[in-house]
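> Attaching a predicted model along with its sequence, questions to come.
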Amino acid sequence: QVQLVESGGGLVQAGESLTLSCGASERTYRYYLLGWFRQAPGKEREFVAGSTWSGSSTRYADSVKGRFTISRDNGKNTVYLQMNSLKPEDTAVYYCAARRSIAMVTMVQSNEYEYWGQGTQVTVSS
């Protein structure tokens, strides 16, 4: 059974940085697509960042472009989300997601992902 476990969330001040990690129970090279989503209280889950298995193709939400970076270490079966210049509006529960099967995807739709982690809370104070 595929398991994704996020870690690295916490409370930071605006302008600070945080790195989230997502450990996978399988070799990450088996995943065609890896991504990060977030959900703030009272809001729908939204796409943050996505990457193909090789990292050759990445995509970011406009709200995080230039501040967040998705990366993966296939040797450690881990995908990361480096978050810089954090803002209070980045406060949310962050979820790691993965897809095994190859398909034409946009990366931004949550229904394109087959597996999900439990989430980790990120709180940015002003």
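Here it is on my side, so go on.
> which other helices and strands contact whichever strand or helix holds Gly50?
Gly50 is part of strand 46-52, with elements assigned from DSSP states H and E. Applying 3 or more Cβ pairs under 8 Å, 6 or more residues apart in numbering; DSSP states H and E, one finds that strand 46-52 contacts strand 33-39, strand 58-60, strand 68-73, strand 78-83. Where C-beta positions appear, they are placed from N, C-alpha and C, glycine not excepted.
> So which of these is nearest Thr106?
strand 58-60 (7.9 Å; Cβ to Cβ).
> center of this structure, which residue is that?
Trp36 (2.0 Å; Cα atoms, centre = their mean).
> picking that back up, between the strand holding Gly50 and strand 33-39, how big is the angle?
170 degrees (axes from the mean of the first three to the mean of the last three Cα atoms, to 10 degrees).
> which one of the helices and strands packed on strand 46-52 has the most crowded surroundings?
strand 33-39 (a mean of 24; mean count of other Cβ atoms under 10 Å).
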